[in-house]
Each structure stands twice: as structure tokens, then as C-alpha cells.
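no sequence on hand, only this structure:
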């Protein structure tokens, strides 16, 4: 069984995807980490993230980098949104994601183009969303909780800028797949959001079994 979970930054899609992976006993891949690894490599090599050739050169990273907690930094996320807009970067990382999705038994993947590009035939698809203000509040709390000095206003501006880049890029823009169930987490706790996601996936599985 393949479960695709898409949505904008700080919508809760990663937390929901991990919850679904636990519930259904499936491996999980946060595909955003791949782009963050590219962004971190661009930084380390002092390359230009806005230059497609530089970003592509950073795609050949060691898989061990994916476990580096610094990939979760907000600046890395901002740069990841820039490098992910390059078609050749997305192409370079495409097969790695498809192999993970199509492994025996299936998997849960979260990102921005899972249900539309990586696994369009997924057994269940969710599009997780929340208002920009609430997503910024969540991200700000996360960053300050890690001791980082940043303002809510700056985080909100970054969230809106990332939304614009992710939705407006030519290559695999952030968009809800036609057959994806929508899940708004704006007013849900983590437990409520995961429970709702499990319910939506189980409902989709039942419908597929009857069709």
C-alpha cells in the first residue's frame, strides 16, 4: 500500500505521515529532506542555490546526510524551496523517491508532489493544509524552542514566500491531486489530525476494495 501525503510547509504533513506509517506498519520517507540535503550541500560548497547547474551539482550527496538534524533549520528549508524549483534537481531526485514508494509492501511518503508526480497511482492520497498564520505560529514555536532567535513576522513572511515559490514553480508545483482527500489541521491537535488522517486512509482503502 502506498500512501501519499502532500501539503505546504508546517501544515503537519510530516507528523501525519509518520503517524500513518506507525498505524499501517509502513516505511516512511520525508522527501523534503532530500531537497534540504541538496540545499545544505549547496551551502557547504558555497554554491548559488538559484543557479540550476550549482544545485544539480549538489544532488550527489551521501545518504548519511539525511540524518543530520541541521537539515531542519529554517534557513536550510528556505534554500530547499529555491533548489527544489529547478527541473533538473527534481529529475535527479525522482528515481530515488519512486524506488522508495514502490518497494515491496509499499510506503508512506510526504512532500509536495507525491500524489501528482512521485506516486500518482498511490492507494490513498492526502492533501494536508492549514492557514499561513497558524503554520507560521507552529514553525515559530518550533524554532524558538530550539533556541533560535527569530520573530513571528519573519517566519510568516518566509512561509508565504515558500508557498509562492512552491505553488508557482514550473516543475511539479505544489497542488492538490484531483483524487486526494483534503485535511485542514488548522484547528486540530496532533492526535486529532493523525486520527482523522487514519480515518480518511481507511475510508479510501474500503472504497478501493469495493470498486
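Sure thing, it's come through. Since the model is a prediction, treat every value here as computed from it, not as a measurement. Numbers count the residues shown, from 1 in each chain.

quickly find the element holding residue 109.
strand 107-111 (DSSP states H and E).

just checking, next helix/strand downstream of that strand?
strand 124-129.

so what's residue 7 scoring on pLDDT?
Looking at residue 7, its pLDDT stands at 97.

who's in contact with residue 119?
2, 4, 98, 101, 102, 109 (C-beta atoms under 8 Å, 6 or more residues apart in numbering). Every C-beta, even on glycine, is put in place using the N, C-alpha and C of the backbone.

re the thing from before, quick one: list the elements packing against the strand holding residue 109.
Using 3 or more C-beta pairs under 8 Å, 6 or more residues apart in numbering; DSSP states H and E, the elements in contact with strand 107-111 are strand 2-6, helix 13-24, strand 28-30, helix 87-101.

of those, give the one that comes closest to residue 37.
Closest to residue 37 of the helices and strands packed on strand 107-111 is helix 87-101 (C-beta to C-beta; 9.2 Å).

helices or strands up against the closest one?
strand 28-30, helix 32-44, helix 52-57, strand 107-111.

now do 7 Å
helix 32-44, helix 52-57, strand 107-111 (3 or more C-beta pairs under 7 Å, 6 or more residues apart in numbering; DSSP states H and E).

centroid residue for the protein?
By C-alpha atoms, centre = their mean, the mean C-alpha position of the chain lies nearest to residue 111, the distance being 2.6 Å.

does that one touch residue 4 like I think?
No. Between residue 111 and residue 4 there is no contact, the gap being 8.3 Å when judged by C-beta atoms under 7 Å.

state the distance from residue 78 to residue 91.
Per C-beta to C-beta, to the nearest Å, residue 78 is found 22 Å from residue 91.

for the two, indicate the residue with more neighbours.
residue 78 (16 against 13; other C-beta atoms under 10 Å).

quick one: contacts of the lowest-mean-pLDDT helix or strand in the chain?
Of all helical and strand segments in the chain, the minimum by mean pLDDT, DSSP states H and E falls on helix 74-83, at a mean of 90. If you take C-beta atoms under 7 Å, 6 or more residues apart in numbering as the criterion, helix 74-83 is touched by 9, 32, 35-36, 38-40, 42-43, 49-50, 55, 70, 89, 143, 150, 158, 162, 165-166.

in ChimeraX, how would I select the buried members of those residues?
Typed into ChimeraX, the line below selects the buried ones among the contacts of helix 74-83, using 16 or more other C-beta atoms under 10 Å:
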select :9,32,35,36,38,39,40,42,43,49,55,89,143,158,162,165,166
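
the closest residue to residue 112 other than its chain neighbours: neighbour count?
Spatially, and ignoring its direct neighbours in sequence, residue 112 is nearest to residue 174 (4.3 Å; C-beta to C-beta, 6 or more residues apart in numbering). A total of 21 residues lie near residue 174 under the criterion other C-beta under 10 Å.
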